[in-house]
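Visitor: Next one to model:
(one chain, ligands or ions: 1)
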Amino acid sequence: MAGDKSLEELSAEAERLREQIRHHNYRYYVLDSPELSDAEYDALMRRLEALERAHPEVATPDSPTQRVGAAPAEKFGVVQHRRPMLSLSNALDAEEMIEFDQRVKRLLRSDADIEYVAEIKLDGLAVELVYEHGVFKVGSTRGDGYNGEDVSQNLRTIRSIPLKLHSPPSHRVPDLLEVRGEVILPRKAFQKLNEERAAAGEPVFANPRNAAAGSLRQLDPKITAKRPLDIFCHSPGEIVGGPGFETQWDFLQGIKALGLKINPRSRLCRGVAQVLEYWDEITAIREQLDYEADGIFAKVNSFALQEQLGEVSRSPRWAIAYKFKAQQAETRVNKIAVYVGRIGSLTPVANLEPVALAGVTISNASLHNMDEIKRKDVREGDTVLLERAGDVIPYVVRVTRQAHPRHRPFRMPDKCPVCGSEVVHEEGEVAYFCVNVNCPARMRESIRHFASKNCVDIDGLGDKLVAQLVAKGIVRELGDIYKLEAAQLAELERMGEKSARNLIDNINRSRKTTLDRLINGLGIRHVGEHTARQLALHFKSIDALREAGEEQLLAVRDIGPEVARSIREYFAEPRNTQALKRLLDNARFEFQPMPEAAGRGPLRDKTVVLTGSLKRWTRAEAEQKVLAAGGRISSSVSRKTDYVVAGEEAGSKLRKAQELGVRVIDEDELARMLSGA
Ligand code: IVH
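Guide: Predicted coordinates for the structure are as follows:
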């Protein structure tokens, strides 16, 4: 009986159970080769649960019982990646792969065959897992490559992610281990999920990747836990202490020994010819893989050579992706419909006879604009060839069979299909516009954009709700959002009192935003996230931006004549400035300081270690300056450190830097770098 045992004995027993369960988890979820029946496994799990329930003091946060512990979150936190998560250029064909290989050899001044690791390029969601002393601490999405979302609680629910790493005799567990990987939803699970959703009248996911992303970005980890997500780990982030991997292949074997899941189909190749063979092989079996893949990766195996090759404009020169050839399907165009967007532009869309393409059912494809329709001469009733390449939205390649008798060529309507107002089209331009600035379609799209994540971020203001608010005339312009009341919302379809109150809370929260988000949210033509940021940094207030003349606008970084003109036009229209005034009056924004953009400035992406005593600055000042210049501060020197700034009496860190061949600079040199010289 448990009652007779000391706390120590109980703890030991709990730990034994945890170890057993971890082992069987690993056998089942990582190696896919279980040693126990489900019932036996469940029995172990129940014993541990019972023990931890009766004696909460013996429970640990890394216990297998703690996968779905957390309560739903309000919002995800932000995680800054210690090293940016890069993306990559693609090779289109074998020839480009050979060119890539030749470039690598040229840069390395080598004639010998290069060793590559060939891996499958998974079409999933990139994440980073952070282990500290072998314990899973934080997991995040890629985000913009510098900052991702903290989805730790959701990642914990993925059984193939160990909460605690193994400590095999062959590998010391690193003090800090960051691994990147791809979260996927296996095809079968995807189909099942969609069937369930369809049966429940819920919208289905377009493809496994969206389903994986949607599942991982659930605020309630209990929902994520119900989705059988899986992961394949494929690349290193920052690693401190531990085995010191020398090659990508070593790294993969090493993390496998630590209990992480890697793709068993990865292969060490000698020379580019073997990589091309790998591509052929994987192409032939891609439909049999139980996950979606869109190509292969070739990575230079040696980390030293990788470092020597370096990167240009965020893209490493030591790796390349070689996508599979696009997948195609033929189907009939039932109708060409017209969709009205945020700035009133009309987009023709082909409504198709539903067809399966690369595991997804396609029933619509954008035809983009009149020019494209004319060029391809697509008409209703025709049969067209669709193509889907990678994660790109399927598009119409060409007409393969004309309808008999043939329909008349498609014409843009003279009247807006949503509000009936006139449609205008300027000579020489491809776009058609609905003239009505208050067109409900435009309003719906503007509100959706304004409320979206990159703008003022109002969670809960979804498509259906926006459509109702606009249709009922409750929201006629952006400013009306800030006059909404809970009671009024609660009366709408699919809204309860609770969700109405939540939405009001979210709206109120959005008053605390940054200037760039507001500028982006206004939906000025040609002004997206990046331009909005430049404008906010330059003008510092909406008033200053509104008053800015063409010349002042052109003085802003990255802004050219077309964008400047579009901004002028926006503020020259009294309807826009009046609506903006009402928006500002109603919302009473409390502008927050804009976060420092990670990875911008003269030290962008550089990892800097400060050591010894500095004369120019205090340590804190120097750190601040490095961060402000886009750099990162690390407290320990590793192969991945870019600069060690050595002050007086620098000791072990300086020695380590010299050993590893890391560049050592003094304060004066740092000052020069900070000034961008
Ligand atoms: S390594 C620069 N390995 O593909 C090195 N990435 O364009 C890139 N991806 O979003 C990371 N499978 O998340 C690597 N076996 C694999 C991968 C992989 C899929 C994703 C990755 C990134 C994108 C790179």
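
Visitor: Can you name the residues bridging to the residue of the stretch 1-150 of the chain found nearest the ligand?
Guide: Among the residues of the stretch 1-150 of the chain, Ala126 lies closest to the ligand, at 3.1 Å counting by CB to the nearest ligand atom. Heads up, the C-betas are built off the backbone N, CA and C, glycines and all. According to DSSP bridges, the residues that bridge with Ala126 are Glu182.

Visitor: In contact with it, which residues?
Guide: Contacts were defined as CB atoms under 8 Å, 6 or more residues apart in numbering; by that measure Ala126 touches 85, 141-142, 180-183.

Visitor: Check the offset of stretch 607-617 from the chain's centre.
Guide: Computed by CA atoms, centre = their mean, to the nearest Å, the chain-centroid distance of stretch 607-617 equals 34 Å.

Visitor: which residues sit against it?
Guide: Stretch 607-617 is contacted by residues 82-83, 619, 622-623, 625-626, 631-637, 640-651, 653-654, 657, 667, 670-671 when judged by CB under 8 Å, 6+ apart.

Visitor: likewise stretch 382-400?
Guide: Stretch 382-400 has contacts (CB under 8 Å, 6+ apart) with 123, 207, 209, 294-295, 323, 326-333, 350, 352, 355, 357-358, 360, 362, 365-367, 376-379, 401-403, 406-407.

Visitor: still on that earlier bit, among the contacts of stretch 607-617, which are in strands?
Guide: Where those overlap with strands, as defined by DSSP state E, the overlap consists of 632-633, 643-646.

Visitor: Just the buried ones among those, please.
Guide: For the ones in strands among the contacts of stretch 607-617, burial is judged from neighbour counts taken by 16 or more other CB atoms under 10 Å, and it is met by 632, 643-646.

Visitor: Lowest pLDDT pick from those residues?
Guide: Within these, Arg632 has the lowest pLDDT, namely 77.

Visitor: now that residue: how far from Ile665?
Guide: Using CB to CB, to the nearest Å, one gets 16 Å for the distance from Arg632 to Ile665.

Visitor: quick one: terminal-to-terminal distance for stretch 375-395?
Guide: 14 Å (CA to CA, to the nearest Å).

Visitor: Could you do stretch 547-564 as well?
Guide: Distance across stretch 547-564, first residue to last, is 12 Å (CA to CA).

Visitor: what's the average pLDDT for that stretch?
Guide: Mean per-residue pLDDT for stretch 547-564: 88.

Visitor: do stretch 76-91 as well
Guide: The predicted model assigns stretch 76-91 a mean pLDDT of 85.

Visitor: Any chance you could list what contacts that stretch?
Guide: The set of residues external to stretch 76-91 that reach it, using CB under 8 Å, 6+ apart, is 97, 99-100, 126, 128, 138, 140, 142-143, 145-151, 178, 180, 217, 219, 237-238, 295, 297, 311, 314-316, 319-323, 598-599, 605, 607, 632, 634, 640.

Visitor: quick one on the thing from earlier: between the buried ones among the ones in strands among the contacts of stretch 607-617, which sits nearest the ligand?
Guide: So of these, ranked by how close each gets to the ligand (CB to the nearest ligand atom), first place is Arg632, at 17.9 Å.

Visitor: Look up the closest residue to that closest one, ignoring the ones flanking it.
Guide: Sequence neighbours aside, Thr607 is the residue nearest to Arg632 in space, at 4.9 Å (criterion: CB to CB, 6 or more residues apart in numbering).

Visitor: how about the helices in the stretch 51-200 of the chain?
Guide: Under the criterion DSSP state H, counting those that start in this stretch, helices of the stretch 51-200 of the chain are mapped to 94-108, 152-155, 187-199.

Visitor: Let me have those helices in JSON lines, adding distance to Asn508 as columns.
Guide: Shown next, in JSON lines, are the helices of the stretch 51-200 of the chain (distance: least, CB to CB, whole Å):
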{"stretch": "helix 94-108", "distance to Asn508": "52"}
{"stretch": "helix 152-155", "distance to Asn508": "25"}
{"stretch": "helix 187-199", "distance to Asn508": "32"}
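
Visitor: Single out the most deeply packed of those.
Guide: The highest average neighbour count among those, using mean count of other CB atoms under 10 Å, belongs to helix 152-155 at a mean of 25.

Visitor: from the chain's centre, how far out does that one sit?
Guide: Computed by CA atoms, centre = their mean, the chain-centroid distance of helix 152-155 equals 15 Å.

Visitor: what helices or strands is it leaning on?
Guide: Under the contact criterion of 3 or more CB pairs under 8 Å, 6 or more residues apart in numbering; DSSP states H and E, helix 152-155 touches strand 135-141, helix 208-216, helix 221-226.

Visitor: tell me the average confidence for it?
Guide: Averaged across helix 152-155, pLDDT comes to 94.

Visitor: what residues does that helix touch?
Guide: By CB under 8 Å, 6+ apart, the residues outside helix 152-155 that reach it are 69-70, 73, 127, 129, 136-140, 161, 183, 215-218, 221, 224.

Visitor: same deal with stretch 669-677?
Guide: Contacts with stretch 669-677, where a contact means CB under 8 Å, 6+ apart, come from 601-603, 608, 616, 622, 625-626, 629, 643, 645, 665.

Visitor: Buried members of the residues you listed into PyMOL, please.
Guide: Typed into PyMOL, the next command selects the buried ones out of those (criterion: 16+ other CB under 10 Å):
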select buried, resi 601+603+608+622+625+626+629+643+645+665
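
Visitor: Serialize the contacts of stretch 669-677 to a markdown table and add fields for distance to Arg18.
Guide: Formatted as a markdown table, the contacts of stretch 669-677 follow (distance: CB to CB, whole Å):
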| residue | distance to Arg18 |
| --- | --- |
| Gly601 | 46 |
| Pro602 | 48 |
| Leu603 | 44 |
| Val608 | 40 |
| Arg616 | 51 |
| Ala622 | 44 |
| Lys625 | 46 |
| Val626 | 41 |
| Ala629 | 45 |
| Tyr643 | 43 |
| Val645 | 44 |
| Ile665 | 47 |
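
Visitor: Which positions in the stretch 101-250 of the chain make contact with the ligand?
Guide: For the stretch 101-250 of the chain, the residues in contact with the ligand under the definition CB under 6 Å from any ligand atom are 119, 121-122, 126, 142, 182, 234-235.

Visitor: Could you work out the most separated pair of those?
Guide: The span of those, defined through CB to CB, is set by Glu119 and Arg142 at 17.2 Å.

Visitor: Looking at these two, which one has more neighbours?
Guide: In this view Glu119 and Arg142 are compared by other CB atoms under 10 Å, and Glu119 has more residues nearby, 25 against 20.
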